[in-house]
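Chemist: no sequence for this one, just the structure:
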């Protein structure tokens, strides 16, 4: 699947993933009205509104991009009904030929991570048959529990030819609170060997990934926020074969020029996510002329602008 | 809700939580047969089997215990159908008067953690009304993203009078891989100030919790594995007002005598989880005489034995 993702990135010339992270305040009024008329102001009505909204955006942008990243929390907030929309969204995106990265940030003790892995990437035995749950192509994984919590995902990826992105340095303002802590790496006498926790996690990602190679990149990737370009440069070196999923572009403050450090010299190795910046483009001044009725066209314009911004930044690097 | 949990612990004289972590290999054949006859060997059939299994166990033990802890991964593995059973289980346990700790280990950037928090503990606005998702009483939270990722949960807890348990030192064998890393806390010249990451996280839990007090304990608690009693002792001191949720008793290797360090001198401050050891008791030699037909009675016997084991250990401490 990592090879398939890379091929699609090359074909679309867009190292871009659109984050399908809907909240009710992004969904245009006319969509909400339609959904609530059918199912009322209920969890089911909200889930239907999100589905109509997602579908319109996917239809408007699927030919421009290699992948989407639905954030499961935004569906889980509506309970079971929201998760039905999550599943429909995953299925629909796959039908449209998109690679689906489930942003689930799961991670637990071994037997529990195994359950998450089969539920999101694999299949579970029921009597004499096997059933699939959410069936994304990639998922994001939280490393706090160590190898026990990550390896069950890798095992399922090997069986299913799928992949993961492990959280290394996240895009949020407080990510440094624990991730930037300096970890003692040598004896007290050895100076200059202390390194931040995210580097230690990055090294472990490289180690996990070395056994899991596609043609040129590993299917064990990493998440590193666009908001931390300097750390991105260092992590790029520590994990040369890991694809880096880069959130934080656009609404969270990351800019095109910040992104070049996340790419290797082959122009590959990173895929940049934008969520609000694309799906709620119509609410920005820049795309206001589209109006709420044409929100999906505004999303398409925002994808094209993002593609251009990244291409220019990479070209400027030379 | 922390006060309600403590009252129930006192009333039942059982600082015990039963982990409702069903897998298909725990569910007795006659239950599977019944469920598959109704819904086939499908995700829905598996979810129905889990529901029948859970209900029988809850009915057999609810009067002995203060709380249950369903592990959502074990439901999520069956996709949406599994999550319908998760929701039914949460609702049924609350009807039975049990406190429900959703073991979800979520944690993300601020806006996303907010969505998880409202979906699991609070309510979300849909048009002019508010809808509830899974509506547990407590959830577990992963701290890797720092305060941004935790505070949205705390905010919803304040509004809803609910609580969280933050992962500090987990019970699994590889938990030390990152959690035990020595973090530099002073200058290079200051000797002996380096401390493991779990202590730093524990201090932060105490800080978050100091603003969130119930009558005697905070509603920001911590998860510390029974398999690490020495770390438990230290963390007990670092977080004197945090309730500690202690997994790893029984099947994972933790013993009654290991648990005393997790309690304060008031006999409170900790709640011990057992999952497999209770719900799959009938598969153990010790309870084999019950047979698969009477699996729920075996679970009741195992709860009574666990209660006795912990009471003896606490009495021996004096």
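Modeler: Good, I have the coordinates. Worth saying up front: this structure is predicted, and the values here are computed from it rather than measured. Numbering: from 1, shown residues only, chains lettered A, B, ... in the order given.
Chemist: alpha carbons only for contacts and neighbour counts from here, please
Modeler: Fine.
Chemist: strands of chain A, start to end?
Modeler: With strands called from DSSP state E, chain A shows them at A:16-20, A:67-70, A:99-106, A:123-126, A:129-132, A:138-141, A:163-169, A:182-183, A:195-196, A:218-224, A:242-246, A:270-274.
Chemist: pLDDT at the residue nearest to residue A:228 when sequence neighbours are not counted, what is it?
Modeler: Leaving out its chain neighbours, the residue that sits closest to residue A:228 by Cα to Cα, 6 or more residues apart in numbering or on different chains is residue A:171, at 7.0 Å. Residue A:171 is assigned 95 on the pLDDT scale.
Chemist: re earlier: what's the closest of the strands of chain A to residue A:48?
Modeler: For those, the distance to residue A:48 is smallest for strand A:16-20, at 14.6 Å, taking Cα to Cα.
Chemist: by contact count, what packs against that closest one?
Modeler: For strand A:16-20, the helices and strands in contact under the criterion 3 or more Cα pairs under 8 Å, 6 or more residues apart in numbering or on different chains; DSSP states H and E are strand A:67-70, strand A:270-274, helix A:276-279.
Chemist: residue B:195: which of those is closest?
Modeler: Closest to residue B:195 of these, according to Cα to Cα: strand A:270-274, at 34.6 Å.
Chemist: who does the closest one pair up with?
Modeler: For strand A:270-274, sheet partners with direction are given as strand A:16-20 (parallel), strand A:242-246 (parallel), following DSSP bridges.
Chemist: so which bits of that strand are buried?
Modeler: Of the residues in strand A:270-274, A:270, A:271, A:272, A:273, A:274 count as buried by neighbour count, 16 or more other Cα atoms under 10 Å in any protein chain shown.
Chemist: do stretch A:98-108 as well
Modeler: Within stretch A:98-108, judged by 16+ other Cα under 10 Å, the buried ones are A:98, A:99, A:100, A:101, A:102, A:103, A:104, A:105, A:106, A:107, A:108.
Chemist: what about that stretch, near chain B?
Modeler: Yes: part of stretch A:98-108 sits close enough to chain B to count as contact by Cα under 8 Å from any Cα of the partner chain, namely A:105, A:106, A:107, A:108.
Chemist: I'd assumed residue B:107 was in contact with the first one.
Modeler: Yes: Residue A:105 is within contact range of residue B:107, at 7.5 Å (criterion: Cα atoms under 8 Å).
Chemist: pLDDT weak spots in the stretch 101-250 of chain A?
Modeler: Screening the stretch 101-250 of chain A residue by residue with the criterion pLDDT under 70, one finds the ranges A:187-192.
Chemist: show me where it has helices.
Modeler: Listed in chain order, the helices of the stretch 101-250 of chain A (DSSP state H, counting those that start in this stretch) span residues A:110-120, A:147-160, A:176-179, A:197-210, A:229-238.
Chemist: out of the strands paired with strand A:270-274, which is closest to residue B:79?
Modeler: Comparing these by Cα to Cα, strand A:16-20 comes nearest, at 19.3 Å.
Chemist: what's the angle between that closest one and strand A:99-106?
Modeler: Relative orientation of strand A:16-20 and strand A:99-106, computed by axes from the mean of the first three to the mean of the last three Cα atoms, to 10 degrees: 60 degrees.
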